[in-house]
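A.B. asks: Would you be able to build a 3D model of this:
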Amino acid sequence: MGYKVIELEQFQVIGIYEKITPKVAQTQIGELWQNYFNNNISNQIQNKSEPNSYGVYSDYDGNFTKPYQLLIGNKIKPNSNQSLEELKTITIPKQKYAIFEKIGPFPECVINCWKEIW
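C.D. replies: Model (predicted):
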């Protein structure tokens, strides 16, 4: 499994989110990504700093067997002030991150990446 470790400056991602339950995570995650693409959520986000979409896993209730939050959205420019009721903004702190880049049919490429990680 290939990945790279990089240090990133603090940035923000805005998008749709859902609390994910591990027992049905595959279904929930697939549906959330479909919602993001089918409803053109990216087009509703102003002040994007790049066109890439992000999946941000956070707020774990414990280890990977417990519920967590998944936010799917776009990186926005610093000091952007956008508030849409159905969107949430999360701040990604400055630190080192492991980056796993996968290309392939969706959602299989995301599912396979997670299987490689865990």
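
A.B. asks: Buried residues, the least confident helix or strand in the chain by mean pLDDT. List them.
C.D. replies: Lowest mean confidence among the helices and strands of the chain (mean pLDDT, DSSP states H and E): helix 108-117, at a mean of 82. Using 16 or more other Cβ atoms under 10 Å as the test for burial, helix 108-117 gives 110, 113. From N, CA and C alone the C-beta is placed, and that goes for glycine too.

A.B. asks: Which elements pack onto it?
C.D. replies: Other helices and strands packing on helix 108-117, by 3 or more Cβ pairs under 8 Å, 6 or more residues apart in numbering; DSSP states H and E, are helix 25-38.

A.B. asks: and stretch 40-60, which residues are buried?
C.D. replies: Neighbour-count burial for stretch 40-60 flags 41-42, 44-45, 48, 53-56 (criterion: 16+ other Cβ under 10 Å).

A.B. asks: Please tell me how far Y54 sits from C109.
C.D. replies: Remark: distance between Y54 and C109 (Cβ to Cβ, to the nearest Å) = 15 Å.

A.B. asks: show me what contacts the residue most central in space within the chain?
C.D. replies: Among the residues of the chain, the one closest to the centroid is G55, at 1.3 Å (Cα atoms, centre = their mean). Listed by Cβ atoms under 8 Å, 6 or more residues apart in numbering, the contact partners of G55 are 33, 70-72, 110.
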